[in-house]
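# sequence and predicted structure below; questions after.
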Amino acid sequence: MRRSFTIQLVAALLLAGSVWAVDVKMASHLGSFAWRHNTEWFGGFSAIHLSDDGGSAIVLSDRATVLSVRFQRDGVEIKDVQILGHWPVLSSTGRIMLGYAGDSEGIAVAPDGSFFVSFEGVHRVAYYSAPGTNARVLPRPQVFDELDRNGSFEGLAIDGQGRLYTLTEKNRTVQGNIPVYRWDGQSWSTPFVLPPRDGFLPVAADFDPDGRFYVLERKVTLTGFRTRLRRWQIESDTPVAEETLFETGTGTHDNLEGLSVWRDNQGVLRATMVSDDNFIGLQRTEIVEYALPD
């Protein structure tokens, strides 16, 4: 019976037109924390980066605000979030950015605490030596000008060699795949592409301590949001061993857009995610954590 089911599953994947092998593993939900703070700038969180011990984080809003926070935990669950400070994400001339120019979506933090931010409205990636400093915008290839105005760089990640990776939410290659762009400190390239599946769109990316590449995806329906997390091993600039770590039903979580993958002091691999409430009262800001299989 089990062998027959396996054959049917493989056949279904082939009929769906997949050319990448997919492994499905089980992640476990550790908890969800409803985060509230009564101030006009609070909300719209699109990216998160946790410290190595999971005790603090940098959080980015899509309205050009960056926060430093500390978590209070009770066992595996977050019980409170303390805001230590918040700063505007500035332009290269030190101006506060509004509208499409300030549509900040992804964050990648370097070992020295400096960080990079990806922007979706005006497609670019910028470097910041510290919160509150002026931007240093990385060179922009012509291909960036052709991207969808509200569908480009939602996710940003940094690997162990300090190279940046960003990917588009909506734009696809001629073959229909998700392009992944890499900045190596000198120029941009497209080292690989990823297969889209089942209408989910990428909204965040990260590398785990072992160098595996993760993509957080969402699917919007009339009744709410669905969330999926996939990962790959990257071998010689080729994504292999694709795994689906979890996929939720509609409304399980809010609009999860930020992702940070880290290992706790018990050796458990965790994914911490934050939701974008779009500054709408019917939505909520929540921090969601899952334990991931190794």
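Sure thing, it's come through. Numbers count the residues shown, from 1 in each chain.
# in stretch 101-112, which residues are buried?
The neighbour-count check on stretch 101-112 (16 or more other Cβ atoms under 10 Å) flags Gly102, Asp103, Ser104, Glu105, Gly106, Ile107, Ala108, Val109 as buried. Placement of C-beta: from N, CA and C, glycine included.
# residue contacts, the nearest residue to Arg36 once chain neighbours are set aside?
Once flanking residues are discounted, Arg36 sits nearest to Thr285: 7.1 Å by Cβ to Cβ, 6 or more residues apart in numbering. Thr285 makes contacts with Ala34, Trp35, Arg36, Phe42, Gly43, Phe45, Asp254, Val274, Ser275, Asp277, as judged by Cβ atoms under 8 Å, 6 or more residues apart in numbering.
# farthest pair in the residues you listed?
In those, the most distant members under the criterion Cβ to Cβ are Phe42 and Asp254, with 14.7 Å between them.
# pLDDT (mean, whole number) over the host helix or strand of Ala205?
Counting by DSSP states H and E, the element that carries Ala205 is strand 201-207. Taken as a whole, strand 201-207 carries a mean pLDDT of 98.
# from the chain's centre, how far out does it sit?
Relative to its parent chain, strand 201-207 has a centroid offset of 4 Å by Cα atoms, centre = their mean, to the nearest Å.
# could I get the full set of helices for the stretch 151-294 of the chain?
Here the stretch 151-294 of the chain has no helices by DSSP state H, counting those that start in this stretch.
# ok, now the stretch 1-150 of the chain?
2-15, 142-145.
# by mean pLDDT, show me the worst of those helices.
Across these, helix 2-15 has the smallest mean pLDDT, namely a mean of 36.
# quick one on the thing from earlier: and Phe42 and Asp254? Which one has more around it.
A count of neighbours by other Cβ atoms under 10 Å puts Asp254 above the other of Phe42 and Asp254, at 24 against 18.
# tell me what the spatially most central residue of the chain is bridged to.
Within the chain, one residue has its C-alpha closest to the average C-alpha position: by Cα atoms, centre = their mean, that is Ala204, at 1.7 Å. Applying DSSP bridges to Ala204 gives these bridge partners: Leu216.
# coming back round to it: what is the nearest of the buried residues of stretch 101-112 to Leu259?
Leu259 lies nearest to Gly106 out of the buried residues of stretch 101-112, by Cβ to Cβ, at 9.5 Å.
# what bridges to the nearest residue to the closest one once chain neighbours are set aside?
Spatial nearest neighbour of Gly106, excluding adjacent residues (Cβ to Cβ, 6+ apart): Leu156 at 3.1 Å. Counting by DSSP bridges, Leu156 forms beta bridges with Thr166.
# go ahead and confirm Leu156 touches Val109.
No: using Cβ atoms under 8 Å, Leu156 makes no contact with Val109, being 10.0 Å away.
# so, low pLDDT: which residues of the protein?
For the chain, the stretches flagged by pLDDT under 70 are 1-25.
# so what's Asp206 up against?
Going by Cβ under 8 Å, 6+ apart, Asp206 touches Ala157, Phe213, Tyr214, Leu259, Ser260, Val261.
# how much space separates the residue nearest to Arg36 from Ala47?
According to Cβ to Cβ, to the nearest Å, Thr285 stands 13 Å off from Ala47.
# residues shared between the contacts of these two?
Common neighbours of Thr285 and Ala47 (criterion: Cβ under 8 Å, 6+ apart): Val274.
# now the strands for the stretch 1-150 of the chain?
22-24, 28-34, 45-50, 56-61, 65-74, 77-88, 104-109, 115-119, 124-128, 136-137 (DSSP state E, counting those that start in this stretch).
# end-to-end on stretch 125-135?
End-to-end distance of stretch 125-135 (Cα to Cα, to the nearest Å): 9 Å.
# ok, Ile58 - contacts?
Ile48, His49, Val66, Leu67, Ser68, Val69, Ile107, Val109, Phe115, Pro131.
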